[in-house]
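>>> next come a sequence and a model predicted from it.
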Amino acid sequence: MKKPFETIAIIGKPRDQKAIATHKELFHWLLDEGFQVVIDDRLREILNDIPAQYFTNLIAIGKQADLAVVVGGDGNMLGAARVLSRFDISVIGVNRGNLGFLTDLNPEEFQTALKEVLDGKFIEEERFLLEAEIHRHGQVKSHNAALNEAVLHPGQVARMIEFEVYIDQTFAFSQRSDGLIISTPTGSTAYSLSGGGPILSPSLNAISLVPMFPHTLSSRPLVVDGNRKIKLVVSPDNRGTQEVSCDGQISLPVSPGDEIHIYQSPNVLKLIHPEGYSYYHVLRNKLGWSSKLF
């Protein structure tokens, strides 16, 4: 019987020696199991004892590989997702970070769970991304994608900014605040949660708008249909340059008077979990919720 995955990619920049060891252990284990292996070429210098022919770039990985194993924390997964979501490739994570909402596998004993996944025993779900565009004088000046959230904020200097929010071209509200977090369900347990936003089930087709330190107590998080297009119009009276941050990794400069268009991306991340995965178990474990009474 044909295996669901034949070419496996290893991605994720390691931050310490333990993570480097996990990359190497994973590489040799996959080879021993008979899989074709490719490695993100940004790891070439760190994994310098692995032959050069195994390394290639993320675009090539998206075209060649059937499954990407991301080693590290959620930050590595976010970076990979913005590129790999454009391709027909599944993704699973080995947690070498802190919280690890997106990385399921235990690095100390990944072999057993990963072998079952590679044998076809897994749960697959699709996570949608957001597209963020900066419009200036009718032209798109910059754009990027976000798996977690797109955040309008004042940049390096903390100050209040003013902007208007439109949902599908209909005016919703204006606001004076430190900014606005526009989050996917995937990102609802990230920066949005820190800002007081709701936790959204990953299967929901919804987008949350979470004000950051608003100037009025009546400002509250708003959840809208995921197919709605959101437009932020930045007041021309704002001082200096603002930013839109995508997943806390990519910054798009915003000038007073610019428009920010945010909408659901046509691309999705195909996220793989081992059988027995439960989102609510992850929430209990990561957020310290109480277990069953009896």
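Looks like it arrived, so ask away. Not measured: the values here are computed from a predicted model. Numbers count the residues shown, from 1 in each chain.

>>> quick one: low-confidence parts of this structure?
Low-confidence segments of the chain (pLDDT under 70): 1.

>>> quick one, domains of this protein?
Using automatic domain parsing, the domain parsing of the chain gives 7-120, 129-266.

>>> just give the nearest non-adjacent residue to residue 125, would you?
Among residues not flanking residue 125 along the chain, residue 271 sits closest, at 5.4 Å (C-beta to C-beta, 6 or more residues apart in numbering). Any C-beta I mention is one placed from the backbone N, CA and C, and that applies to glycine too.

>>> which SSE is the one you found in?
strand 259-274 (DSSP states H and E).

>>> how about that strand: buried residues?
By 16 or more other C-beta atoms under 10 Å, the buried positions in strand 259-274 come out as 259-265, 267-274.

>>> which strands border that strand, and is each parallel or antiparallel?
Strand 259-274 sits in its sheet next to strand 90-95 (parallel), strand 122-136 (antiparallel), strand 230-234 (antiparallel), going by DSSP bridges.

>>> do I have it right that residue 9 meets residue 41?
No: using C-beta atoms under 8 Å, residue 9 makes no contact with residue 41, being 10.9 Å away.

>>> looking at these two, which one has more neighbours?
residue 9 (26 against 15; other C-beta atoms under 10 Å).

>>> could I have the helix or strand containing the more buried one exported to PDB, CA atoms only?
Per DSSP H and E, residue 9 falls inside strand 7-11. Backbone C-alpha positions of strand 7-11 (Å, rounded to 0.1, in the frame of the first residue of the first chain) are rendered in PDB as follows:
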ATOM      1  CA  THR A   7       9.300  13.000   0.800                       C
ATOM      2  CA  ILE A   8       9.700  14.500   4.200                       C
ATOM      3  CA  ALA A   9      11.100  18.000   4.900                       C
ATOM      4  CA  ILE A  10      12.800  19.200   8.000                       C
ATOM      5  CA  ILE A  11      12.300  22.900   8.900                       C
END
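
>>> in its sheet, what does it sit against?
Strand 7-11 has the following strand partners under DSSP bridges: strand 36-40 (parallel), strand 67-72 (parallel).

>>> could those strands be laid out in a markdown table, adding distance to residue 95 and mean neighbour count?
Converted to a markdown table, these look like this (distance: least, C-beta to C-beta, whole Å; neighbours: other C-beta atoms under 10 Å):
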| stretch | distance to residue 95 | mean neighbour count |
| --- | --- | --- |
| strand 36-40 | 18 | 20 |
| strand 67-72 | 8 | 27 |
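
>>> in JSON lines, list those strands along with distance to residue 157.
Below are the strands paired with strand 7-11 laid out as JSON lines (distance: least, C-beta to C-beta, whole Å):
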{"stretch": "strand 36-40", "distance to residue 157": "35"}
{"stretch": "strand 67-72", "distance to residue 157": "31"}
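
>>> which among those strands is found nearest to residue 105?
Among the strands paired with strand 7-11, the nearest to residue 105 by C-beta to C-beta is strand 67-72 (8.1 Å).

>>> next structured bit after that closest one?
The helix or strand immediately downstream of strand 67-72 is helix 74-84, counting by DSSP H and E.

>>> great, nothing more from me.
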